[in-house]
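Chemist: sequence and computational prediction follow.
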Amino acid sequence: YTKQVNESLVFKMLTLKRSESECFLLLCTCRLWQENVSLKDLQSKGVCLLKLQIGSQSTGLYGRSLLLLEPRKHMGVSVLPSNNFGPGDIVGLYDLDGCKPSSQLCTGVVTRISQSAVTVACEDSPDGLNLDTDALYNLMKLANDVTYKRMKKALNTLNGYSSGPAADLISVLFGYSEPGSISQPNDLSFLNTGLDESQRQAVSFALSQREVAVIHGPPGTGKTTTVVEIILQAVKQGQKVLCCAGSNVAVDNLVERLAKAKAKVLRLGHPARLLESIQKHSLDAVLAHSDNTNIIADIRKDIDKAFMGMKKMNDKRDRIHLKREVGELRKELRTREATAIAEVLKRADVVLATNTGANDGGPLKNLPVDHFDWVVIDECAQALESSCWIALLRGRKCILAGDYKQLPPTIKSHTAASKGLSVSLMERLIQKYGDSVVRMLTVQYRMNINIMTWASEQMYQGQLTAHSSVEKHLLKDLPGVASVEETSTPLLLIDTAGCGLSEMEVTDEQSKGNQGEVDIVELHIKALTEAGVKPKDIAVIAPYNLQVDLLRQRLSARHPDLEIKSVDGFQGREKEAVVLTLVRSNRKGEIGFLAEDRRINVAVTRARRHLALVCDTQTVQTHGFLKTLIDHMTQHGDVRTAFEYLQVAEELGLNHESQGEGKDRCITVSRPPTGPNEAGEEEEQQALQPAAALEEDSVTGPPVEQPAAPADLKTLHLERMRREQEKREQKKREQEKHLDTVRKTKKTKAGACEIAAAATADVDFDTLIDAVVKAERVCSFVKCKTLVIHLGQLCLFCNRQYCLGHHIPEVHGCGDQAKANARMRISKEGVLYAGSGHKDKSVDPNKKAYLHRKLDSKLKDMEKQRKTKPKESDNN
Ligand SMILES: Nc1ncnc2c1ncn2[C@@H]1O[C@H](COP(=O)(O)OP(=O)(O)OP(=O)(O)O)[C@@H](O)[C@H]1O
Ligand SMILES: [Zn+2]
Ligand SMILES: [Zn+2]
């Protein structure tokens, strides 16, 4: 569509960080495109709600009209169609003509959305909103190009700036004049007495700079703690501070901490977007308690009353009269509010907003241009420079805090990037002035020293030290966490090299997945949670969205509190344990955007006590930076190969526990011991060797290093096996008890009869197992004989195993249940999936080939073990 869409729209999409759905929205607002799409289509995409009626209308703070919109109530059904609307979204209200600009009645912000209604805070249209309560309306999500407009405006102002409070600052920030300093008393008394030496130095430095100070805060070094102290010191000196950050969360965090230190803070921003706990510091809340409140409340009541009156009125002239009255009242309200706002703003010592929230179209327009002395921007390295300028134009001096060794905003346009948009203001200043404008915080309070050292050496010139409170901390030190191998090591590298766990072959560079790594992550999460680590303390991080999706499909149902996100999604956060899967595994050693060092730095430095890295070292080592990480983990941490995990998985696969829903399927299958323990394990290991060799050849080409410490690995493995064996025997005992119950239940498949028969006859366990294995092995579809033991799919609706030709619910008769389930999920999660509602889960060809090879070796293995039994016709 780009040919039809105007240039500036494309520019907006390319330069700003846009998700696909946002781009879609931007396209929607473009008339040329929109005219080709029906409103119904827009509704089914979740960006439009059609034929709503007005449930109620009241006047909120600042005279905003609050509209409650509901679906038309006919026959008692009033549920909104599934949609993508959320609090804070900008929406347009339209009459039934459609969602054309000409029929737009007003714009507003969603404040609440439930299954049955959506509440919109309307921005006032000049002559007030007089909506017909009987009519129907359309509501459409609007592309949020407010940010873009505000940045553009700030840049235009900057361009024409000649004299004003920020003149010196601008001159220094663009390199026309050198930054200066001002003398400070040496006996600075710190309000926070717990600051470390580097933090103290950063505070004094910030106070003594005349125009600009940069605080470089690597991960976990207490950047916010330092920024808070700087602001409190400035306030102590009588300065007025405007404090901004890129995200609402970061701003809210600063508000919370400044308020705790008793600073007079005021938070700007739409209440719908603020954390509940800090809403009391919002402009809206403070205004509600100001002296003018009663008067404003009275006017508001009058407006509401006028509206009520209008509904009952039949006479047209009366209506017009009232309409005028409402208009007058609103004007009065606005004047009063402007005064009230200015008063409240002047009383505050620190005004906080997001970077773009500090624009002069909002409440700040009520203040004189030279009101603020300092502008503080946190997370500055993650912000577009143009967004910083919105606030900077209001200050004489600025403090920029952040870490330019973490991810900058994504710039999708190469042109924009090449002209400097991808370099943050912070980075630009450091490049220009070097150490003379920057102080770095060097004590970190997050990571175990083994995790920290790599980042310190590679990214921060080895300058970081670990505070004694975190230096040696491990997962096992957490309350309720058992001391096992996994919880006693800060670094664990699980190497998939040579294990045939190749990445999926997807042409799109942005979406890469690796099922094998998903399997291993799952097993490691299992180990951690079984040791007592809480899922909420674990982060699973993948650089690719496809892998994030695959991981969520696998893990989210079982661990709803487990956060699984892309690297960008975790920036600014920390977790006790981080499991990082790098996904890339290919013969060419292609690593795509893993090559962005800052991305890897962010991922690794989220971890406090434990970092597990799942990756194909063969592939990722082709990149020098990643090689340093692999080397560091090999030297200072534990290394395992994925083989070990695959074997365990294999074991689990064989010890099939299909519990079913009562009926004849609740059978726990265990493999019988084949003699003395040790010997049995040895045999199995050998059996797997040829398969492994096979994979090496077909997947990774060059010969693969053997596991770093074979002896250790083996003991580890044997130990694990012994534990497994114990569990199995326990299960066996339980099972024998259980089989008595099974006997009494109905049987639908021949296999089940055999099982029951075997159980009644009380024959040897081997026979029983054979019967079960056989029954479990073939597709459950009528007459289909395809083996499913390694290549089957379990249907979640009937809980039976099917071959790949019959696993789709619609094929074997579970179609209705699947559809009902999809509908339920959509209404529950409010999420629309493309197509039938199910994401494509079909097996990747790589994975298929891999499974085929495994199946072969497994069957050989089983044959060997069952020498006493007659040979089966397994090869169909
Ligand atoms: N001087 C200090 N003494 C003890 N603990 C500290 C000190 N400074 C910071 N911390 C601790 O370090 C953690 C991170 O600090 P803070 O919240 O200030 O940093 P942040 O800006 O959020 O994180 P980052 O440094 O990663 O950007 C907090 O738990 C805080 O209590
Ligand atoms: Zn089914
Ligand atoms: Zn089948």
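Modeler: In hand now; what should we look at? Numbering: from 1, shown residues only. Ligands and ions are numbered 1, 2, ... in the order given.
Chemist: report the contact partners of residue 448.
Modeler: By C-beta atoms under 8 Å, 6 or more residues apart in numbering, the residues touching residue 448 are 466, 470, 471, 472, 473, 474, 490, 607, 608, 609, 610. Where you see a C-beta, it was placed from the backbone N, CA and C, and this is true even at glycine.
Chemist: closest to ligand 2 out of those residues?
Modeler: Distance to ligand 2, by C-beta to the ion, is smallest for residue 610 among these, at 39.4 Å.
Chemist: do you know the pLDDT at the closest one?
Modeler: In this model, residue 610 is scored at 97, pLDDT.
Chemist: next structured bit after the helix or strand hosting residue 614?
Modeler: Applying DSSP states H and E as the criterion places residue 614 in strand 607-615. Per DSSP H and E, the first helix or strand lying C-terminal to strand 607-615 is helix 617-620.
Chemist: and that following helix, average pLDDT?
Modeler: Helix 617-620 comes out at a mean pLDDT of 91.
Chemist: just checking, what packs against that helix?
Modeler: Applying 3 or more C-beta pairs under 8 Å, 6 or more residues apart in numbering; DSSP states H and E, one finds that helix 617-620 makes contact with helix 624-636.
Chemist: and the contacts of the helix it packs on?
Modeler: 450, 453-454, 457-458, 491-493, 582, 591, 594-595, 597, 600, 604, 611, 613, 615, 617, 620-621, 639, 708.
Chemist: in strands only, show me these.
Modeler: 491, 492, 493, 611, 613, 615, 639 (DSSP state E).
Chemist: out of those residues, which touch ligand 2?
Modeler: Counting by C-beta under 5 Å from the ion, nothing from the ones in strands among the contacts of helix 624-636 sits close to ligand 2.
Chemist: can you tell me which of those residues is closest to ligand 3?
Modeler: Of all the ones in strands among the contacts of helix 624-636, the one sitting nearest ligand 3 is residue 615; the distance, using C-beta to the ion, is 35.9 Å.
Chemist: now, of the contacts of helix 624-636, which are buried?
Modeler: Neighbour counting by 16 or more other C-beta atoms under 10 Å classes 450, 453-454, 458, 491-493, 582, 591, 594, 597, 600, 604, 611, 613, 615, 617, 620-621, 639 among the contacts of helix 624-636 as buried.
Chemist: give me the neighbour count for residue 105.
Modeler: Look at residue 105: counted by other C-beta atoms under 10 Å, it has 16 neighbours.
Chemist: and it, that's in a strand?
Modeler: Yes - using DSSP: H, G, I helix; E, B strand; the rest coil, the assignment for residue 105 is a strand.
Chemist: grab the nearest non-local neighbour of it.
Modeler: Nearest non-adjacent residue to residue 105, counting by C-beta to C-beta, 6 or more residues apart in numbering: residue 93, 4.8 Å away.
Chemist: tell me what the one you found is bridged to.
Modeler: residue 106, residue 139 (DSSP bridges).
Chemist: so it versus residue 141, what's the distance?
Modeler: 11 Å (C-beta to C-beta, to the nearest Å).
Chemist: tell me which of those two has more neighbours.
Modeler: Between residue 93 and residue 141, counting by other C-beta under 10 Å, residue 141 is the more crowded of the two (27 against 24).
Chemist: phi and psi next, for the more buried one.
Modeler: Here is the backbone geometry of residue 141 (degrees, to the nearest 10): phi -70, psi 140.
Chemist: over to residue 644?
Modeler: With angles defined as degrees, to the nearest 10, residue 644 sits at phi -60, psi -40.
Chemist: so the residue nearest to residue 105 touches residue 139, yeah?
Modeler: Yes - contact status for residue 93 versus residue 139: in contact at 5.8 Å, counting by C-beta atoms under 8 Å.
Chemist: anything in the strand holding residue 614 near ligand 1?
Modeler: No - applying C-beta under 6 Å from any ligand atom, one finds strand 607-615 separated from ligand 1 by no less than 10.0 Å.
Chemist: packing partners of that strand?
Modeler: helix 449-459, strand 491-495, helix 515-530, strand 575-581, helix 624-636.
Chemist: tell me which residues in the next helix-or-strand element following the third one are buried?
Modeler: Spelled out, it's helix 515-530. Sequence order places strand 538-542 as the next helix or strand after helix 515-530, per DSSP H and E. Buried residues in strand 538-542, defined by neighbour count with 16+ other C-beta under 10 Å: 538, 539, 540, 541, 542.
Chemist: partner strands of strand 538-542, with direction?
Modeler: Strand 538-542 has its sheet partners listed here by DSSP bridges as strand 563-566 (parallel), strand 575-581 (parallel).
Chemist: with just CA atoms, put the helix or strand following that strand into CSV.
Modeler: Where DSSP H and E defines the elements, the next helix or strand beyond strand 538-542 is helix 545-555. This file holds the C-alpha atoms of helix 545-555, laid out as CSV (Å, rounded to 0.1, in the frame of the first residue of the first chain):
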residue,chain,number,x,y,z
ASN,A,545,9.3,-13.3,18.8
LEU,A,546,8.6,-16.7,17.2
GLN,A,547,10.6,-18.4,19.8
VAL,A,548,8.8,-16.4,22.5
ASP,A,549,5.5,-17.6,21.1
LEU,A,550,6.7,-21.2,21.0
LEU,A,551,7.9,-21.0,24.6
ARG,A,552,4.6,-19.5,25.7
GLN,A,553,2.6,-22.2,24.0
ARG,A,554,4.7,-24.8,25.9
LEU,A,555,5.1,-23.2,29.3
